[in-house]
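Student: Build me a model from this:
(chains A and B)
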Amino acid sequence: AQTVTQSQPEMSVQEAETVTLSCTYDTSESNYYLFWYKQPPSRQMILVIRQEAYKQQNATENRFSVNFQKAAKSFSLKISDSQLGDTAMYFCAFSGGTSYGKLTFGQGTILTVHP
Amino acid sequence: DTAVSQTPKYLVTQMGNDKSIKCEQNLGHDTMYWYKQDSKKFLKIMFSYNNKELIINETVPNRFSPKSPDKAHLNLHINSLELGDSAVYFCASSQRQGHGELFFGEGSRLTVL
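Tutor: Here you go, the predicted model:
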């Protein structure tokens, strides 16, 4: 079974600075997807960024980028120029192999952006 | 238009009651899901349907019964509610099974007293 681990329960950052959230996963599959979802206080789950395992290039979406290390099974999220609206819980998630068709989530990291 | 909509958003009920949560998606997706988020914010899949067919049924008590009348709808019925059922239930959809990205509804917060 696949597992996803987020080792940072809480993180904080000053507005305009950069923060990195960690995620590691365990799988024996070679083809899979990895995601970062954001859950603000409104409760809505919002996709931040996705990465296909077969792509070597790290995904980027505006201020959000990932550092995907397939051999190390690591998938960290970097948020540049942090904004107050980035305050949320961030979930790392895995989809692939026998879990194809469902997401396996990490425990989440609460990110607080301070003015 | 909301892509994935759930009703009700909030539900407060007594132990032992039966309740339902409805979900509809207008994205034309083939696959729909129910996830449960517990008090520690942990998200875990409960069920998945692909084109009205049940494809994932995690270890969930029999008191939970999903129903998909068509591929745009996936409802969740819960019998004999227990205190431990209190959680936020998320409906989600994806373009096809295994395609990756899930689109979530806003969640339905269920409180059992």
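
Student: Grab the nearest non-local neighbour of A:F91.
Tutor: A:Y37 (4.6 Å; Cβ to Cβ, 6 or more residues apart in numbering or on different chains). C-betas here are computed from N, CA, C, even on glycine.

Student: contacting residues around the helix or strand that neighbour falls within?
Tutor: Element membership for A:Y37 (DSSP states H and E) is strand A:32-39. For strand A:32-39, contacts defined as Cβ atoms under 8 Å, 6 or more residues apart in numbering or on different chains pick out A:21, A:23, A:25, A:45-53, A:64, A:66, A:68, A:75, A:77, A:86, A:88-97, A:103, A:105, A:108, B:41, B:100-101, B:104.

Student: hmm, back to that, quick check: pLDDT value at the residue nearest to A:F91.
Tutor: Looking at A:Y37, its pLDDT reads 97.

Student: Next, count neighbours for residue 60.
Tutor: Defaulting to chain A. When neighbours are defined as other Cβ atoms under 10 Å in any protein chain shown, A:T60 has 12 of them.

Student: nope, chain B please
Tutor: When neighbours are counted by other Cβ under 10 Å, B:V60 registers 15.

Student: A:W36 now?
Tutor: Neighbours of A:W36 (other Cβ under 10 Å): 26.

Student: Which helix or strand contains the residue nearest to it when sequence neighbours are not counted?
Tutor: Distances taken as Cβ to Cβ, 6+ apart place A:V48 nearest to A:W36, at 4.3 Å, with adjacent residues excluded. In this structure, A:V48 is located in strand A:46-52 according to DSSP H and E.

Student: And the average pLDDT for that strand is what?
Tutor: On average, strand A:46-52 scores 94.

Student: List the buried residues in that strand.
Tutor: Going by neighbour count (16 or more other Cβ atoms under 10 Å in any protein chain shown), the buried part of strand A:46-52 is A:L47, A:V48, A:I49, A:R50, A:Q51.

Student: For the third one, give the beta-bridge partners.
Tutor: The residues listed as beta-bridge partners of A:I49 by DSSP bridges are A:W36.

Student: And it, how far from chain B?
Tutor: Note on A:I49: its distance to chain B, by Cβ to the nearest Cβ, to the nearest Å, is 10 Å.

Student: Alpha carbons of stretch A:74-83, as CSV, please.
Tutor: Extracted C-alpha coordinates of stretch A:74-83, given in CSV (Å, rounded to 0.1, in the frame of the first residue of the first chain):
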residue,chain,number,x,y,z
SER,A,74,10.4,13.2,-2.1
PHE,A,75,7.9,15.8,-3.4
SER,A,76,8.3,19.2,-1.7
LEU,A,77,6.3,22.4,-2.4
LYS,A,78,8.0,25.8,-2.6
ILE,A,79,5.9,28.9,-2.2
SER,A,80,7.6,32.1,-3.3
ASP,A,81,6.5,35.6,-2.4
SER,A,82,4.1,34.3,0.2
GLN,A,83,0.8,36.1,0.5
